[in-house]
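[1] Return a 3D structure for these sequence lines:
(chains A, B, C and D)
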Number of protein chains: 2
Amino acid sequence: MTDPCGGARRDPRLERSRAAVLAATVEILCDDGLPAVTVEAVAARAGVAKTTVYRQWDGRAHLVVDALRSTACTVAPPDSGAVREDLIGLLAGLAHALDTAPWARALAGVAESARHDPALASLHRTFAADCRGPVLEVLTRARSRGEVRPDADLTIAASALAGPLFYRRLVSLEPLDAPGLVEAIVDTVLPGLAPRAAPAAPAAGAERSSIPLGAAGEDAHLAAGRAERVHPTGDRP
Amino acid sequence: MTDPCGGARRDPRLERSRAAVLAATVEILCDDGLPAVTVEAVAARAGVAKTTVYRQWDGRAHLVVDALRSTACTVAPPDSGAVREDLIGLLAGLAHALDTAPWARALAGVAESARHDPALASLHRTFAADCRGPVLEVLTRARSRGEVRPDADLTIAASALAGPLFYRRLVSLEPLDAPGLVEAIVDTVLPGLAPRAAPAAPAAGAERSSIPLGAAGEDAHLAAGRAERVHPTGDRP
DNA sequence: CACCTTCGATACGGACGCGTAGCGGAACCG
DNA sequence: CGGTTCCGCTACGCGTCCGTATCGAAGGTG
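    Numbers count the residues shown, from 1 in each chain, chains lettered A, B, ... in the order given. Predicted coordinates for the structure are as follows:
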């Protein structure tokens, strides 16, 4: 209307209230769970009139999806040249996110509601892919590098690596920040993927492990932590 | 009152309506999710008056907990003498249960609500322990048998074994009945727990494996399947 | 068979959330 | 600086669910 230039910029008031509503939605989602996310509660916490919510979203479903999408984060899979370091960095980032990220607190609720809400189901699938993708990528690279047996099912391997973290978060409720947890998981799973007789940690420089073990682990961890980025919804890039 | 003999038998009408209500609760829980479980909906599906529900339970929370408890199942950890067979039997049973059992469909919802409902939280903890317990037991036996490294963290090992199944059920939504899935998980994790250079299947009778490996696998699987039992709530044993 | 328990049906008041409507007033655009 | 747009406020009708009370009827008990 007033702004024919590609729709990039609209009324700032719109964006402001939009951001407030989304933030409030995420807050309630984390604090009180998905069923507590009502238009009225969101509006109240956002310091916004209920009508304003209905002006930009056509119901609580769209609102929830939008809010969750705004908290999505993508991790860049590290590529240090050694599977073990890559995986430890990746999983450490995932464990930390599961411990602190907003979407992690809402995870169970989303998984539950996704069974009946197609929009949430799609979001859930996207989220799952975002979590599994980097792990698969690291494993694929490792396989092409010869660090992982060629006939290994990387899908199952990814389940074995990421699964324990989600399991602890959702089911057993065991801590995710236990020292050495991620390393233990990786070191438990990795030998089963090794090409041939190459048990675990020590030496075992069988094929062509070009990078010395030890060291670099912390770097990979930090790198993964930094790579985690929050990108607000942004209608258009 | 009318029945001083240990309280075992009460008015049959009471038990009948109680069973109908619990069954209806479980049905709604599985079909439409936890938030759909309202006293009115339950009463309607059970063909029972709402008052009847309130006569035996004092609110929806107790009702849900009672219904879920009525679907609980316990598995007897197999003891074939070989970790691999034991674990495959155990996890196959778990995978099947996650695919079909009522509580599995309600799992995410319970995990979510457990965050704010102490009763559900307690139930969730019990459930998690029931799932992890047998795995830990099998691993502990295996360790005492020398099939697992003495310094292995069995808690983490249990996460690595059961985690992938829950992960597939709750997060990645990958199938649980994929052929060879359970075997692949076990064979991926087990080498990392092996005492010393002993990759996977063959021999490896390092320490004191007094029982021959192989065989018994199918038996263990079936045994685990049969061991899964549903025990109705029953106020008193 | 008489008694007592529990049942189903119905109605009620209250709370809450939905989604809509109408109204000034303030912020923004040009 | 004037017109437009969007806001926040308030109020409404509707529906759902809660938890309780009351009633006659059906069923079990002794």
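
[2] Tell me where chain A has helices.
    Remark: helices assigned in chain A by DSSP state H are A:12-32, A:39-46, A:50-56, A:60-70, A:83-100, A:102-113, A:118-145, A:154-167, A:181-193, A:217-227.

[3] helices or strands up against the shortest one?
    By that I understand helix A:50-56. Judged by 3 or more C-beta pairs under 8 Å, 6 or more residues apart in numbering or on different chains; DSSP states H and E, the packing partners of helix A:50-56 are helix A:12-32, helix A:39-46. From N, CA and C alone the C-beta is placed, and that goes for glycine too.

[4] Put together TSV for these, with mean neighbour count on each row.
    Compiled in TSV, the helices and strands packed on helix A:50-56 are given as follows (neighbours: other C-beta atoms under 10 Å in any protein chain shown):
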stretch	mean neighbour count
helix A:12-32	17
helix A:39-46	18
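
[5] wait, which of those helices is closest to DNA strand D?
    helix A:12-32 (4.1 Å; C-beta to the nearest atom of the strand).

[6] mind listing what A:V42 touches?
    The contact partners of A:V42, taken as C-beta atoms under 8 Å, 6 or more residues apart in numbering or on different chains, are A:V21, A:A24, A:T25, A:I28, A:V48, A:V53, A:L63.

[7] of the residues you listed, list those near DNA strand D.
    The residues of the contacts of A:V42 that also fall near DNA strand D, by C-beta under 7 Å from any atom of the strand, are A:V48.

[8] Closest to A:Y167 out of the contacts of A:V42?
    Nearest to A:Y167, judged by C-beta to C-beta, of those is A:I28 at 26.6 Å.

[9] Quick one, grab the pLDDT at that closest one.
    pLDDT, A:I28: 92.

[10] That one touches A:V39, doesn't it?
    No: here A:I28 does not reach A:V39: they are 10.9 Å apart, not a contact under C-beta atoms under 8 Å.

[11] just curious, which of the contacts of A:V42 is nearest to chain B?
    Distance to chain B across these (C-beta to the nearest C-beta) is lowest for A:I28, with 12.4 Å.

[12] For the closest residue to the closest one other than its chain neighbours, grab phi and psi.
    Nearest non-adjacent residue to A:I28, counting by C-beta to C-beta, 6 or more residues apart in numbering or on different chains: A:V37, 5.2 Å away. A:V37 adopts backbone torsions of phi -80, psi 90, taken as degrees, to the nearest 10.

[13] which regions of chain A sit below the pLDDT cut-off?
    Residues of chain A that meet the criterion pLDDT under 70 lie in A:1-12, A:196-237.

[14] Dead centre of it: give me the residue that sits there.
    Note on chain A: the residue nearest the mean C-alpha position is A:C131, at 4.8 Å, using C-alpha atoms, centre = their mean.

[15] where's that residue relative to A:G163, distance?
    Counting by C-beta to C-beta, to the nearest Å, the separation of A:C131 from A:G163 is 11 Å.

[16] coming back round to it: would you mind saying which of the helices and strands packed on helix A:50-56 lies nearest B:A142?
    Comparison of the helices and strands packed on helix A:50-56 against B:A142 by C-beta to C-beta identifies helix A:12-32 as nearest, at 40.2 Å.

[17] so which of the helices of chain A is the most packed in?
    Among the helices of chain A, the stretch with the highest mean neighbour count (mean count of other C-beta atoms under 10 Å in any protein chain shown) is helix A:154-167, at a mean of 26.

[18] Quick one: residues contacting A:A184.
    A:A184 makes contacts with B:D153, B:I156, as judged by C-beta under 8 Å, 6+ apart.

[19] Excluding residues flanking it in the chain, which one is nearest A:A106?
    Excluding the flanking residues, the one nearest A:A106 by C-beta to C-beta, 6+ apart is A:L29, at 4.7 Å.

[20] now A:A41
    A:I28 (5.7 Å).

[21] Next up, the contacts around that neighbour.
    Contacts of A:I28 by C-beta under 8 Å, 6+ apart are A:A36, A:V37, A:A41, A:V42, A:R45.

[22] change it to 10 Å
    Going by C-beta atoms under 10 Å, 6 or more residues apart in numbering or on different chains, A:I28 touches A:L34, A:A36, A:V37, A:T38, A:A41, A:V42, A:A44, A:R45, A:A46, A:V64, A:A67, A:A106.

[23] out of the residues you listed, which one sits closest to chain B?
    Minimum distance to chain B across those is 6.9 Å, recorded for A:L34 (C-beta to the nearest C-beta).

[24] So the closest one is in contact with B:P35, correct?
    Yes: at 8.7 Å, A:L34 counts as touching B:P35 under the criterion of C-beta atoms under 10 Å.

[25] Spell out which residues are contacts of both of the two.
    Residues touching both A:L34 and B:P35 (C-beta under 10 Å, 6+ apart): A:G109, A:E112, A:S113, B:G109, B:E112, B:S113.

[26] Tabulate these (CSV), appending distance to DNA strand C.
    Listed next are these as CSV, based on distance: C-beta to the nearest atom of the strand, whole Å:
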residue, distance to DNA strand C
A:G109, 15
A:E112, 17
A:S113, 13
B:G109, 18
B:E112, 17
B:S113, 16
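
[27] and these near DNA strand D, which?
    Near DNA strand D, judged by C-beta under 7 Å from any atom of the strand, there are no entries from the shared contacts of A:L34 and B:P35.

[28] show me the residues around the residue lying closest to A:G47 once chain neighbours are set aside that make contact.
    Excluding its sequence neighbours, the residue lying closest to A:G47 (C-beta to C-beta, 6+ apart) is A:A20, at 6.7 Å. Contacts of A:A20 were listed using C-beta under 10 Å, 6+ apart, and they are A:V42, A:A43, A:R45, A:A46, A:G47, A:V48, A:T52.

[29] farthest pair in those residues?
    Most distant of the contacts of A:A20, by C-beta to C-beta, are A:R45 and A:T52, 12.8 Å apart.

[30] Next, show the common contact partners of these two.
    When contacts are counted by C-beta under 10 Å, 6+ apart, A:R45 and A:T52 are jointly contacted by A:A20, A:V21.

[31] how about A:L29, what does it touch?
    Shown in contact with A:L29 (C-beta under 10 Å, 6+ apart): A:36-37, A:42, A:64, A:67-68, A:71, A:102-103, A:105-106, A:109-110.
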